[in-house]
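1. whatever this is, show me its structure:
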Amino acid sequence: MLTLFLCPVMALAQTAAAAPADTQEQQGKPENPRAKDTSGTTSLREPYVPMTGRERWKWFVVQSVGPASLGVGLLSAGIATARDKPVEYGPHWDGFGDRYGMRLTGVVTGNAMNAGLGALWGEDPRYFRADGRPFKARLRNIVVYTFMARRTDGHLAPAYARYIATPGNNFLSNTWRVDSEATNSAALRRSALGFAGRLGANAFREFWPDVKKHLGHNKN
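-> Residues are numbered from 1 along each chain as shown. Model prediction:
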């Protein structure tokens, strides 16, 4: 299990170390405007440009400890503390901290495995919005990118790194979780919730820019 975690981390570290040589700017080409976008989202309207090592590293950092991830962690730990789940942590502030930290370790481990393994075969973990397309097509896009990912040539293929990382980090974390959560059934449940969370995050990334734009127009 330790090897399952260390291999993608080493691959991600090597990718990040080589990132300066990957950038278009240093190759004398115009800078990729998406390079500054660390939200993990881009658009199908744009010509596909493969993810650079630097972009992959930024994706890992933002998806792990960015404001959105940390905010979801606060909400998740708060709900679990109110429900006193798992009971070993208790319904108090110390328990809240334990739950928050436990979720964070899983998120960081899963993202490291996803980004690191994906770097080995060119799997792009970002979400690509279908803005400007019919509503049903956008809903389909949300589902597709939950289970599929782009490769370096732009074609869609099964998101194998995600298939490994999501259950992999959940089973790996059984080694440091409390007894009531360190079971195979609990790991499978967390894995299913991981894909459900990915689906929800994709929906937010797809439609939130439109909602924000609409709200901005109403203010004007």
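
2. neighbours around Phe96, how many?
-> Neighbour count of Phe96, defined by other C-beta atoms under 10 Å: 18. Yep, even glycine has a C-beta here, placed from its N, CA and C like the rest.

3. how about it, secondary structure?
-> Here Phe96 is helix, with the state taken from DSSP: H, G, I helix; E, B strand; the rest coil.

4. could you shift the numbering so residue one becomes 40, and keep it that way?
-> Yes, from this point I'll number from 40; that puts the last item at Phe135.

5. excluding chain neighbours, give the residue nearest to it in space.
-> Thr120 (4.5 Å; C-beta to C-beta, 6 or more residues apart in numbering).

6. for the one you found, the count of nearby residues, please.
-> That count, for Thr120 with other C-beta under 10 Å as the rule, works out to 21.

7. ok, it - contacts?
-> Residues counted as contacts of Thr120 (C-beta atoms under 8 Å, 6 or more residues apart in numbering) are Tyr128, Pro130, His131, Gly134, Phe135, Arg138.

8. is it possible to get CSV of the residues you listed that adds distance to Asn223 and pLDDT?
-> Converted to CSV, these look like this (distance: C-beta to C-beta, whole Å; pLDDT from 0 to 100):
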residue, distance to Asn223, pLDDT
Tyr128, 21, 96
Pro130, 27, 95
His131, 29, 95
Gly134, 24, 96
Phe135, 27, 97
Arg138, 21, 96
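
9. filter these down to the buried ones, PyMOL style.
-> For the buried members of these, the matching PyMOL selection, counting by 16 or more other C-beta atoms under 10 Å, is:
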select buried, resi 128+134+135+138
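
10. element containing the residue most central in space within the chain, please.
-> Centroid-nearest residue in the chain, with C-alpha atoms, centre = their mean: Gln102, separated by 5.1 Å. If you go by DSSP states H and E, Gln102 is part of helix 92-104.

11. what's that helix packed up against?
-> helix 41-56, helix 58-61, helix 132-160 (3 or more C-beta pairs under 8 Å, 6 or more residues apart in numbering; DSSP states H and E).

12. which of those helices comes out lowest on mean pLDDT?
-> Of all these, the minimum mean pLDDT falls on helix 58-61 (a mean of 44).

13. following element in sequence after it, please.
-> Assigned by DSSP H and E, the successor of helix 58-61 is strand 80-82.

14. next one, pLDDT for Met40 please.
-> Model confidence at Met40 (pLDDT) stands at 50.

15. mind putting the contacts of Thr120 into a markdown table with distance to Arg216?
-> Formatted as a markdown table, the contacts of Thr120 follow (distance: C-beta to C-beta, whole Å):
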| residue | distance to Arg216 |
| --- | --- |
| Tyr128 | 11 |
| Pro130 | 18 |
| His131 | 19 |
| Gly134 | 14 |
| Phe135 | 16 |
| Arg138 | 11 |
